[in-house]
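**Student:** only the shape, not the letters, is given here:
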C-alpha cells in the first residue's frame, strides 16, 4: 500500500455505470523520512492519484491506498474497473507533529 | 486511477483481432497541485499512454483512466489483451480555471 | 498500453519451456509530445522492455504493448510466464513526419 | 520482490474490516550496488511503502517484499484489499558490513 | 519482461514457508541503447530486484525477468507470494561485445 494525503475530490458525470455511487478522492502520495531520533518527516512526492473511498476520509488526512486488482477485493462487486481504493485512515498519533 | 488529458488518437490496422472496434486515445498523465487557497493547478507529467475509450472523450478533456487487469472489468469480453481504459470524463467544474 | 519503437531481438536458448516458439523483441518506450499546431513529436524515454510478438513487427516500427496479466489474454495458452505482448503496429499515418 | 529496510509502523483505527489483525510496517525500498570486489553497498531509494507483516520483522532489518496480487497468495484469506506483504527477512550474512 | 544482470544472491532463513527451496537472485535492471550502426550498449538503470530462479543463471549473466502475477504462471504451485521470476538467460550472441 502507499501512503497519501487527501487533497480534493473529482466529479465525473459521464462515467462507467458500475462506478456510480463511489466517492473519488484526489490523493497526493507521500514518502516518510525518518531521522536518527526516529522523528518522521512527511514529503509529498509523485503524481496525484484518484482513489475510491468508502471509509469517509477528509481533506488533509493521511490514508493508506491499495492499488491494482487487490483494490477490488475491498468491494461488494469485484468486477468493476477500479484500481485504487482507500483502505485505511492513518491515526494522527503515527506521525505526530507532521500529520 | 490516474488523471490524464486526451491528446489524440492512434490508428492500428495490424492488431490483435480482439481489439478491433475499440477507439484508442493517446492520453497525457497529469498531476494536480493544490495551492493554499485550494485552487488546483494541472501539470502534465510522465509518458503518454494509449487507453481504450467507450465513453466518447474528446481532445483536451480530462479523463480518469484505470490500468492493469482492473481495466478489463469494464469490458463486455474480459479476456482481451487490454490494460488501460477511460472510465470517466472529469467535469469541467472540478478544475475550473485549469480545465 | 504503452507505445514503443522496435529496436532489436533477444535470443535465449535456456528459457522456460512454455516460452519456446515466441519471438522476443527489444522495444524502447516512447512518449508523444503534441505541439499547439497538433503535430506530434516522438521522444524515446524509459528503460527498454522485452515484449513477445505474434503480429510480425519490424525494426523501427512503432507498436502498442500490453503489460501485466492482461498481456496473457492475447495468448492461446494463458498460463505462461509472460508479461508484455505487442498487440498492434501503429499506422504510419498516425505520426506522419515522426514515424 | 523488492528489498527494503523496516523503518516504523502505521496505526490505523478506521480501516477496512478485513485488514484488522495485521501489522503494517513502513518500509524504505533499497537498491544494492555491487563494487568490483563484490562488496555490496545498500542505498535507500524510492518512496516508502506500507507492507503487512506476519513474520515479525523488526526495525532496521532488511526484508523482501512481494507486491500486487501475488502478495495475497501469502494470506489465509486471499480476498482482502492488500497489495504488499513482507515475505522474508534477509539474513545479516547476505550484506555483512552494510546490514 | 525486463532485462537484468545477475549480481548476487539473497539468503533468508525466516521466510514464507511456501518460498522454501527457491534460489533468490539480486538482479540489476538494464536498458539497451542502440547506436546507428546497430551496436547495442548496455546500461544498468533502476533499483535492484530480487527474482526467483529455477533455470540456473550465474553471476554476470543477462536474464529476462517476468514480473507480477504472470511470474507465478511459471511455477508448479501458482498460489505462492512471488512476483518476479527469471524466465530466460539471454544468449551471449545477442549483445556480443557488451555481454
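**Tutor:** Noted; the coordinates are in hand. None of the values given here were measured: they were computed from a predicted structure.

**Student:** tell me who's in contact with the residue of chain A found nearest chain C.
**Tutor:** Nearest residue of chain A to chain C: residue A:69, at 7.8 Å (C-beta to the nearest C-beta). No exception for glycine: its C-beta is placed from N, CA and C like everyone else's. By C-beta atoms under 8 Å, 6 or more residues apart in numbering or on different chains, residue A:69 lies in contact with A:83, B:68-70, C:69, D:68-69, E:69.

**Student:** find me the pLDDT at it, would you?
**Tutor:** The predicted structure scores residue A:69 at 97 on the pLDDT scale.

**Student:** near chain D at all, the helix or strand of chain A with the lowest mean pLDDT?
**Tutor:** The least trusted helix or strand in chain A, going by mean pLDDT, DSSP states H and E, turns out to be strand A:40-44, with a mean of 93. Yes: counting by C-beta under 8 Å from any C-beta of the partner chain, chain D has neighbours in strand A:40-44: residue A:40.

**Student:** is residue A:50 in contact with residue A:22, as I believe?
**Tutor:** No: look at residue A:50 against residue A:22 with C-beta atoms under 8 Å: they stay out of range, at 10.2 Å.

**Student:** which one's more surrounded, these two?
**Tutor:** Neighbours of residue A:50 and residue A:22, each counted by other C-beta atoms under 10 Å in any protein chain shown, are more numerous for residue A:50; the result is 24 against 17.

**Student:** from residue C:22, how far off is that one?
**Tutor:** Distance, residue A:50 to residue C:22, using C-beta to C-beta, to the nearest Å: 36 Å.

**Student:** do you know how far the residue of chain A closest to chain C is from residue D:3?
**Tutor:** Distance check for residue A:69 against residue D:3: by C-beta to C-beta, it reads 24 Å.

**Student:** can you check residue A:12 too?
**Tutor:** Per C-beta to C-beta, residue A:12 is found 39 Å from residue D:3.

**Student:** higher neighbour count, those two?
**Tutor:** residue D:3 (25 against 22).

**Student:** related to what we said a few turns ago, list the buried residues in the least confident helix or strand of chain A.
**Tutor:** For strand A:40-44, burial by neighbour count (16 or more other C-beta atoms under 10 Å in any protein chain shown) applies to A:40, A:42.

**Student:** mind checking how far that strand is from the chain centre?
**Tutor:** How far strand A:40-44 lies from its chain's middle: 16 Å, per C-alpha atoms, centre = their mean, to the nearest Å.

**Student:** for it, name the packing helices and strands.
**Tutor:** In terms of contacts (3 or more C-beta pairs under 8 Å, 6 or more residues apart in numbering or on different chains; DSSP states H and E), strand A:40-44 is packed against strand A:23-34.

**Student:** mind listing the strands the strand it packs on pairs with, and their directions?
**Tutor:** As defined by DSSP bridges, the strand partners of strand A:23-34 come to strand A:2-9 (antiparallel), strand A:40-44 (antiparallel), strand A:49-53 (antiparallel).

**Student:** for the record, mean pLDDT for it?
**Tutor:** Across strand A:23-34, the average pLDDT comes to 96.

**Student:** so how far is that strand from its chain's centroid?
**Tutor:** 6 Å.

**Student:** same thing with stretch A:42-49?
**Tutor:** 11 Å.

**Student:** surely residue A:41 and residue A:32 touch.
**Tutor:** Yes: Residue A:41 is within contact range of residue A:32, at 7.2 Å (criterion: C-beta under 8 Å).

**Student:** count the neighbours of the closest residue to residue A:15 other than its chain neighbours for me.
**Tutor:** Of all residues not flanking residue A:15 in the chain, residue B:88 sits nearest, at 3.3 Å (C-beta to C-beta, 6 or more residues apart in numbering or on different chains). Neighbourhood size, residue B:88 [other C-beta under 10 Å]: 25.

**Student:** quick check: residue B:88 is in a helix.
**Tutor:** No: counting by DSSP: H, G, I helix; E, B strand; the rest coil, residue B:88 is located in no helix; its state is strand.

**Student:** contacting residues around it?
**Tutor:** Applying C-beta under 8 Å, 6+ apart to residue B:88 gives the contacts A:10, A:12, A:14-16, A:19, A:24, B:1, B:55, B:63-64.

**Student:** right, I'll leave it there.
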